[in-house]
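A.B. asks: need a structure here:
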Amino acid sequence: MDWQNMAGQMLTAAKESAGTSWTSIRTIAKHEFEVLAKRFASIAEAVATQQINKGTARLLYRNAKNQIIAVLAMLSTLIASAVTKIVNAAVAVVRSTVNAAVGFSLV
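C.D. replies: Modelled structure (predicted):
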């Protein structure tokens, strides 16, 4: 999986979803979405090499998603639902790539 491409796709979707709030979270969002994309790639590799099972992969995904929501909410004046919308839009653009890589519906 190309984590850099996924990070770019998620950033574009997040920026479009965030609207005017983007300027307040832009710098940290770039870093956090790069980290999230790397985590997706790591989860996919661990599933592919049978180091983790589907349940563990789902738990790791939920934890990673919740962490980025918490970071973005903490560093901005956005309410949690707005941040969730941003993350959901970013994750949606790489859903099929991640799910194809792990071989099941993770995202």
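A.B. asks: use CA for all of it now, contacts and neighbours both
C.D. replies: OK.
A.B. asks: Would you mind listing where the protein has pLDDT under the threshold?
C.D. replies: Where the chain drops to pLDDT under 70, the residues are 76-80.
A.B. asks: For the longest helix along it, list every residue counted as buried.
C.D. replies: With DSSP state H setting the assignment, residue counts place helix 22-48 as the longest helix in the chain. Buried residues in helix 22-48, counted by 16 or more other Cα atoms under 10 Å: 22, 25-26, 29-30, 32-41, 43-47.
A.B. asks: what does stretch 88-99 give?
C.D. replies: Neighbour-count burial for stretch 88-99 [16+ other Cα under 10 Å]: Asn88, Ala89, Ala90, Val91, Ala92, Val93, Val94, Arg95, Thr97, Val98.
A.B. asks: go on, stretch 48-63?
C.D. replies: Lys54, Ala57, Leu60, Tyr61.
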